[in-house]
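Participant: Pasting the sequence and the predicted coordinates here, then a few questions.
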Amino acid sequence: MLYVPRMAHDLEREALARYLDDRSLKRTRQREAILEVFLDVIGHISSEDLYQRVREKYPGIGYTTVYRTMKIFCEAGLAVERAFEDGVTRYEIPHEHHDHLVCTRCGRIVEFECRMIESAQDQIALEYGFRLLRHRHELYGHCPDCRGA
């Protein structure tokens, strides 16, 4: 049997195509181009920063198209929208649960995982009779660069 490797982002392109087809939405080159640029992002990105990256490769795509497309990606499960205290909406690729450290000076965002915090949240929910559906854990402060450390 011949092994044919999948191209980068094939699964995501297929998921987007299914989502659009299921809702009778058009498959467009702009949406596919925005998806390719977005999937190459590491970490969190604002729609403005994503637009700048898209524009570098595809100058004909406008900001509104990027913004509306990101809403579709969120609905399709291809992106997660994050709103931190600074009021800027950012997007990230969905992956394992994680929490965030956010620098209030420079805006740096660090993702982290802590089993102890997860366990404590589960225990607290159990103690109060809650069934957790989701949660957000964000810690705000100053990163080492902003503290001059």
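Facilitator: Thanks, I have the structure now.
Participant: Please enumerate the helices of the protein.
Facilitator: Secondary structure of the chain by DSSP state H: the helices cover 10-22, 29-39, 47-57, 63-76, 115-127, 144-147.
Participant: Tabulate the ones you listed in a markdown table, adding columns for mean neighbour count and distance to residue 89.
Facilitator: Placement of C-beta: from N, CA and C, glycine included. Below are the helices of the chain laid out as a markdown table (neighbours: other C-beta atoms under 10 Å; distance: least, C-beta to C-beta, whole Å):
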| stretch | mean neighbour count | distance to residue 89 |
| --- | --- | --- |
| helix 10-22 | 14 | 20 |
| helix 29-39 | 19 | 14 |
| helix 47-57 | 16 | 7 |
| helix 63-76 | 17 | 9 |
| helix 115-127 | 11 | 25 |
| helix 144-147 | 11 | 22 |
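Participant: any chance of those in TSV, plus mean pLDDT and distance to residue 99?
Facilitator: Shown next, in TSV, are those (pLDDT from 0 to 100; distance: least, C-beta to C-beta, whole Å):
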stretch	mean pLDDT	distance to residue 99
helix 10-22	90	24
helix 29-39	93	22
helix 47-57	95	22
helix 63-76	95	20
helix 115-127	90	7
helix 144-147	92	18
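Participant: domain parsing for this protein?
Facilitator: Domain segmentation of the chain under automatic domain parsing yields 10-92, 99-147.
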